[in-house]
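Visitor: No letters, just coordinates:
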């Protein structure tokens, strides 16, 4: 099995606990706990994560219920569903994706702005809804 | 200098013992030969070789003798050599010798590589890998340091070195697992196909890297290495803290690039 991922959680696999990795992680199964990587986390269409996710780059095609932190980029694909807050330098939400939560983009944040005022907007993008690229920042 | 432990059961022909001895003699690397018996195990013979202050203990045989010698020499300064006879392809790749003649050549050039070995909770070693010997899916729970994994598996391989698994770090065992739905794999496959899911999206392939793990199953199931049972569930596995000094091929092989 040659692949570029350090760890792969396959379909039909249930993982309980905290998965911390230096290398990349691909999730196709279910995780009940924290997922943390120094590199990339790729969440496949069949994946369900109940817990926080943090990595350099996070790509979501499945479902995440929890806080997501991406130091470089967060991408939510059309099949992706996020129920939780987002903290990402670059955020891409594709048409059809679901996002329910607050989003913070540290690079745009004025230095003197109190944390509580960063963003309290709740956004939900449902399939078929066009947000005119409002959340699609490259 | 060389203490040879000969697993005669692995010889295809009666003349093979003499052929190997003569070849070693011609290469100028002959030494003392010993043979395991009901009275003297491989481990006993390694102890004898070390007491006699040989700096290289060479197994002539397959995965079983290699694992036993490796287990005794791991963490020691004495080197291990292997002349393969009916060894698994993975072990042959690891040492870089696909025949006994190539194994003899390796000894002649004496290129030593330090590697870690896999160990079970009952103090059995494996140089390459060990797999869960199952014919049908079975529910497995694997306990890692910070998390627990549950799946209905059709394949579980705990690997130190395997040709098919990319080795990312010497300090970790690679755990490769194939899982299926606990309800009905065929129904899931049909649904995936109907929904037009791309190949790979419904992949039941998992891979984990860990220093240690525990494997639990509902029923006791053996773990095998090259068709020999080395442990049974529930079982603990770990990568050794110490290294083994093993003689490998002069040129780099697959596992080390």
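Guide: Thanks, I have the structure now. Here the structure is a predicted model, which means the values were calculated and not measured.
Visitor: Now residue B:85. Nearest residue, chain neighbours left out?
Guide: Of all residues beyond its chain neighbours, the one nearest residue B:85 is residue B:10 (3.8 Å), with distances taken as Cβ to Cβ, 6 or more residues apart in numbering or on different chains. From N, CA and C alone the C-beta is placed, and that goes for glycine too.
Visitor: What does that neighbour show for phi and psi?
Guide: phi -80, psi -10 (degrees, to the nearest 10).
Visitor: tally of neighbours for it?
Guide: By other Cβ atoms under 10 Å in any protein chain shown, 19 other residues sit near residue B:10.
Visitor: Find the residue closest to the closest residue to chain A within the stretch 51-200 of chain B in space, skipping its chain neighbours.
Guide: Relative to chain A, the nearest point of the stretch 51-200 of chain B is residue B:147 (2.8 Å; Cβ to the nearest Cβ). Distances taken as Cβ to Cβ, 6+ apart place residue A:17 nearest to residue B:147, at 2.8 Å, with adjacent residues excluded.
Visitor: Ok, residue B:245 next?
Guide: By the measure of Cβ to Cβ, 6+ apart, the closest residue to residue B:245 outside its immediate chain neighbours is residue B:79, 4.4 Å from it.
Visitor: Tell me if I'm right that the one you found and residue B:246 touch.
Guide: Yes. When contacts are counted by Cβ atoms under 8 Å, residue B:79 is listed as touching residue B:246 (6.9 Å).
Visitor: Pretty sure residue A:98 sits against residue A:82.
Guide: Yes. Residue A:98 lies in contact with residue A:82 (Cβ under 8 Å); the separation is 6.7 Å.
Visitor: The two - which one has more neighbours?
Guide: Between residue A:98 and residue A:82, residue A:82 has the larger neighbour count (other Cβ under 10 Å), namely 29 against 20.
Visitor: contacting residues around that one?
Guide: By Cβ atoms under 8 Å, 6 or more residues apart in numbering or on different chains, the contact list for residue A:82 reads A:60, A:63-64, A:68, A:76, A:97-101.
Visitor: isn't there a strand covering it?
Guide: Yes. Judged by DSSP: H, G, I helix; E, B strand; the rest coil, residue A:82 forms part of a strand.
Visitor: any idea how far it is from residue A:103?
Guide: 10 Å (Cβ to Cβ, to the nearest Å).
Visitor: For residue B:79 and residue B:246, indicate the residue with more neighbours.
Guide: Shown here are residue B:79 and residue B:246; by other Cβ under 10 Å, residue B:246 has more neighbours (24 against 21).
Visitor: Does anything pack onto the helix or strand hosting the more buried one? Which helices or strands?
Guide: Applying DSSP states H and E as the criterion places residue B:246 in strand B:244-248. On a contact count with 3 or more Cβ pairs under 8 Å, 6 or more residues apart in numbering or on different chains; DSSP states H and E, strand B:244-248 meets helix B:63-73, strand B:79-84, helix B:89-95, helix B:100-109, strand B:111-115.
Visitor: So, low pLDDT: which residues of the chain?
Guide: Answering for chain A, as no chain was given. Low-confidence regions of chain A, defined by pLDDT under 70, span residues A:1-4, A:107-138.
Visitor: right idea, wrong chain: chain B
Guide: B:183-202, B:251-257.
Visitor: Could you check which residue of chain A lies nearest chain B?
Guide: residue A:17 (2.8 Å).
Visitor: is it true that that residue touches residue B:150?
Guide: No. With contacts counted by Cβ under 8 Å, residue A:17 stays clear of residue B:150, the gap being 11.1 Å.
Visitor: before we move on, the earlier item: so who does the residue of chain A closest to chain B touch?
Guide: Neighbours of residue A:17 in contact, by Cβ under 8 Å, 6+ apart: A:32-33, B:144, B:146-148.
Visitor: at 7 Å what do you get?
Guide: Counting by Cβ atoms under 7 Å, 6 or more residues apart in numbering or on different chains, residue A:17 touches A:33, B:146-148.
Visitor: of those, buried ones?
Guide: The neighbour-count test (16 or more other Cβ atoms under 10 Å in any protein chain shown) marks A:33, B:147-148 as buried among those.
Visitor: In a markdown table: these, plus secondary structure and distance to residue B:3.
Guide: Compiled in a markdown table, the buried ones among the contacts of residue A:17 are given as follows (DSSP: H, G, I helix; E, B strand; the rest coil; distance: Cβ to Cβ, whole Å):
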| residue | secondary structure | distance to residue B:3 |
| --- | --- | --- |
| A:33 | coil | 50 |
| B:147 | strand | 44 |
| B:148 | strand | 45 |
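Visitor: How many neighbouring residues does residue B:136 have?
Guide: Neighbours of residue B:136 (other Cβ under 10 Å): 5.
Visitor: and if you look at residue B:116?
Guide: Per other Cβ under 10 Å, the neighbour tally for residue B:116 reads 22.
Visitor: again, but for residue B:18
Guide: Residues within reach of residue B:18, counting by other Cβ under 10 Å, total 11.
Visitor: Same question for residue B:47.
Guide: As a burial measure, residue B:47 scores 14 neighbours (other Cβ under 10 Å).
Visitor: which SS class is it?
Guide: Assignment for residue B:47 (three-state DSSP): helix.
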